[in-house]
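Q: Next come a sequence and a model predicted from it.
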Amino acid sequence: MRSSSDVRPSSESLTVAIRHPMWTWADSLERMLSPRRDIQVVTAHTADSWVRHAVVNKRVDVLLMHVDPPGTILHTELAELMAASPGLGVVAMSESRDQGLLRDAVRAGVRGWVEPTTALEHLVRVLHGVARGETWFPPALMSSVLDALLHEEALEDDSALCALSMREREVLACLVGGLSRQEIAVKLSISPHTIRTHINNLLRKLDVHTTLAAVSIARQAGLGAPVGMGDGRRTAEQTSA
């Protein structure tokens, strides 16, 4: 098995570092990829330290790493490597379909996912694709991961709405419905000045600067307009001025 000190990367090939906890797999992947003219394996090892050395001290385009649910902390493992090499692409090899692991992988910066039984040609396509900045996940896995991430984003938006008072939520719902500030004041039987105060407060709590942005968050969180109102896109734009 070769270390990063044994190989001088070719300027015309994609440089790859391999990390797998099992020697037989690390060696097998290296032997499988090394004969190719478009791939240069700079290190293949079981130890993080060897891979870290290759990434920090040599030009590594893509890291091919094995991941597994038990004890996996991808953010911690990849943060230092990506800080040392901002352009580093990461491809995970795993037979796991654990949604939590997949979600964490995407958040940590993994942009490719292959199974251990994947064909060589597909693996090479994924490596080159990730090196170009593309995302390569099996469609069946990626759709469920995206659904989970979007659901979490909606929950985060909803948690932001929880910081609003009941009156601020009513005002925001009216904005979603397309009412102007004057119309909201009439509907809620309070002064325009008070409406302005409520809007300023909800913008601050939602950490946005316009009513359009606040309305967008409200819609994503599922906050609808009061019964009988439309979606208010035109009026919301006017009230953001």
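A: Sure, I can see it. Numbering: from 1, shown residues only.
Q: so which strand or helix has residue 64?
A: Using DSSP states H and E, residue 64 sits in strand 62-66.
Q: what comes into contact with that strand?
A: By Cβ atoms under 8 Å, 6 or more residues apart in numbering, the surrounding residues in contact with strand 62-66 are 14-22, 25, 29, 51, 55, 77, 81, 88-94, 112, 127, 130-131. In short, each C-beta sits where N, CA and C put it, glycine included.
Q: Kindly report the same for stretch 45-60.
A: Stretch 45-60 is contacted from outside by 1, 3-4, 9, 15-23, 26, 42-43, 63, 65, 77, 80-81, 84-85, 88, using Cβ under 8 Å, 6+ apart.
Q: cool, and stretch 14-25?
A: With Cβ under 8 Å, 6+ apart as the test, stretch 14-25 has contacts from 1, 4, 9, 26, 29-30, 33, 38-48, 50-51, 54-55, 58-66, 93, 116, 127-128, 131.
Q: Just the CA trace of it, in CSV.
A: Output of stretch 14-25 as CSV, limited to C-alpha atoms (Å, rounded to 0.1, in the frame of the first residue of the first chain):
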residue,chain,number,x,y,z
LEU,A,14,-7.6,13.9,-10.9
THR,A,15,-5.8,13.4,-7.6
VAL,A,16,-7.7,11.2,-5.1
ALA,A,17,-7.1,10.3,-1.5
ILE,A,18,-8.7,7.2,-0.1
ARG,A,19,-9.6,6.5,3.5
HIS,A,20,-11.3,3.3,4.6
PRO,A,21,-11.1,1.6,8.0
MET,A,22,-10.3,-1.8,6.5
TRP,A,23,-6.9,-2.4,4.9
THR,A,24,-8.4,-4.8,2.3
TRP,A,25,-10.9,-2.2,1.1
